[in-house]
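> Take this sequence and fold it.
(chains A, B, C and D)
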2 protein chains.
Amino acid sequence: MRILIIDDEPELCAQIAQTLRQQNYTADTAGDGPAALEKIFSDPYDLIILDIMLPGKDGFEVLGELRAEGIATPVLMLTAKGEVADRVKGLDLGADDYLHKPFSIAELLARIRALLRRSHEQSSSSLVIANIRLDTNTRMVFLNDEPVNLTPKEFSLLEFLLYNRNRAISRFNIAEHVWGDAFDPFTMSNNIDVHIKNLRKKLDDQAGKIIVTVWGIGYMAKDEPF
Amino acid sequence: MRILIIDDEPELCAQIAQTLRQQNYTADTAGDGPAALEKIFSDPYDLIILDIMLPGKDGFEVLGELRAEGIATPVLMLTAKGEVADRVKGLDLGADDYLHKPFSIAELLARIRALLRRSHEQSSSSLVIANIRLDTNTRMVFLNDEPVNLTPKEFSLLEFLLYNRNRAISRFNIAEHVWGDAFDPFTMSNNIDVHIKNLRKKLDDQAGKIIVTVWGIGYMAKDEPF
DNA sequence: TGGCTATTTCATCATTTCTTCATCAAAGAT
DNA sequence: ATCTTTGATGAAGAAATGATGAAATAGCCA
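Next up is the predicted model:
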């Protein structure tokens, strides 16, 4: 699950992002409206945490632009002001929930779970491809109904590939989603390739039948032998 | 057993919560309807203690929403008014029992036990895994039919793991369920790990055969050696 | 209060996972 | 066919995570 945190206090952003990553979400941050919108448009998120008070373009404007573009991602707004007027304004614009600063991390997590459940409640928690089944709830993966032991990174990587099945995914995209902010776009290492290799090995994907290499682009999880 | 107390008097909430924790329940509290619903939806409880008089959304509304969402958790309603009308209204919505304020703690505990017994009487009170048997009623644990002496926290932890057998459970999840509100998400201590260690020792789980470590996530109680 | 037990914290060690790097293999271009 | 670019692989060091023993603190009961 990808979550974007939009707040002008870097420490708060970092703290929330770190907590979310510990919960196995993929968390990105943005310090102002334009940066946030750019990230959202370039690749959609599952949830957006949006502070009302932002320099330049404020939270309401960001929310308004989002909805105007037809992006229906759930938005959890953070507010220091407790006025009803703000609340109403946000609701009109399509905010999904509110949280007043200061808040406890426990409460934030509870709201996030509630919003994600609400928006995803029709979807199953199992991603299946060929003889592989990945359960996003229990974080377990089965190969021919036998559990496979994946490391956290391997799991997230496979989850992301399956989530985008039959679509070629660039390494940059993978890094962005699976590693989030914690990834260095200038690294020369072939870190991702190594994880792909390990995944293939564990999934007995000897000929790269399931995780296909897309030359010059990246990788793809393939359903059918086309 | 997780119990949620919904009342707008913080002292009463705290007092009940403390009493329940002494009885080895996991008790959370909520001061108003929305906060309560949030908690209930984000993770179900075994019993809900609900005051009728709440600021904003009253107890009946909360109960109505719960049942509308298909949540069948037993609800014990607290009421200061003794009217028959209220009683009928609550029963229509699916309240399971009533208690008139002021009440004695002893009576509250008796009702709680009765409700929990009633809601769990069809299900067995024994959780068995490998050569370990845990009885949720008597709070006793047997290893090869020999009683094992577990502390309250150890028991709750094992109970929770067994209740979620063959599912990887995160430390956060464990903390949330076994410690409830009384847990600090920012603690740096490895408290849970220590309890796991002690459990393994007492259960003679030398190679971590029963309580398995799920790297990067948490722990899992494993049935079969797959 | 004092003594007992349970719980939490802390420091350290052990293990697993992640990243990097060097080298080899494969695909595409000329 | 050869060259260039891109991907695959094995191994080693770095980093992160978990296990453990012991000490400190908190909670309970007489």
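
> For A:Ser125, give me its contacts.
Counting by Cβ atoms under 8 Å, 6 or more residues apart in numbering or on different chains, A:Ser125 makes contact with A:135-137. Heads up, the C-betas are built off the backbone N, CA and C, glycines and all.

> 10 Å - rerun?
Contact analysis of A:Ser125 by Cβ atoms under 10 Å, 6 or more residues apart in numbering or on different chains lists A:134-138.

> just those now: which is nearest chain B?
Distance ranking of the contacts of A:Ser125 against chain B, using Cβ to the nearest Cβ, places A:Thr138 first at 4.3 Å.

> ok, now how distant is that closest one from B:Lys202?
A:Thr138 sits 26 Å away from B:Lys202, going by Cβ to Cβ, to the nearest Å.

> List the contacts of the nearest residue to A:Asn164 once chain neighbours are set aside.
Spatial nearest neighbour of A:Asn164, excluding adjacent residues (Cβ to Cβ, 6 or more residues apart in numbering or on different chains): A:Ala221 at 7.2 Å. Counting by Cβ under 10 Å, 6+ apart, A:Ala221 makes contact with A:127, A:129-130, A:132, A:158, A:160-169, A:205, A:210-212.

> how does it look with 6 Å?
For A:Ala221, the contact set (Cβ atoms under 6 Å, 6 or more residues apart in numbering or on different chains) comprises A:129, A:161-162, A:165, A:211.

> Which one of the contacts of A:Ser125 sits in the busiest neighbourhood?
Highest neighbour count within those: A:Leu134, with 22 neighbours (other Cβ atoms under 10 Å in any protein chain shown).

> Can you tell me the SS state at it?
The three-state label given to A:Leu134 by DSSP: H, G, I helix; E, B strand; the rest coil is strand.

> which strand residues sit across from it in the sheet?
Following DSSP bridges, A:Leu134 is listed with bridge partners A:Leu127, A:Val141.

> Report whether the expected contact of it with A:Val141 is present.
Yes: counting by Cβ atoms under 6 Å, A:Leu134 does reach A:Val141; the two are 4.9 Å apart.

> Identify all contacting residues around the helix or strand hosting A:Ile5.
Here A:Ile5, judged by DSSP states H and E, is contained in strand A:2-6. Residues outside strand A:2-6 that contact it (Cβ under 6 Å, 6+ apart): A:13, A:16-17, A:20, A:25-30, A:36, A:45-50.

> avg pLDDT for it?
Across strand A:2-6, pLDDT averages out at 89.

> and it, which strands flank it?
Assessed with DSSP bridges, strand A:2-6 is paired to strand A:26-30 (parallel), strand A:47-51 (parallel).

> Name the residues of that strand that come out as buried.
By neighbour count on 16 or more other Cβ atoms under 10 Å in any protein chain shown, the buried set for strand A:2-6 is A:2-6.

> could the residues you listed go into a markdown table alongside distance to DNA strand D?
Shown next, in a markdown table, are those (distance: Cβ to the nearest atom of the strand, whole Å):
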| residue | distance to DNA strand D |
| --- | --- |
| A:Arg2 | 18 |
| A:Ile3 | 18 |
| A:Leu4 | 21 |
| A:Ile5 | 19 |
| A:Ile6 | 25 |
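
> Can I get those in CSV including distance to A:Lys153?
Listed next are the buried residues of strand A:2-6 as CSV, based on distance: Cβ to Cβ, whole Å:
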residue, distance to A:Lys153
A:Arg2, 16
A:Ile3, 18
A:Leu4, 21
A:Ile5, 21
A:Ile6, 26
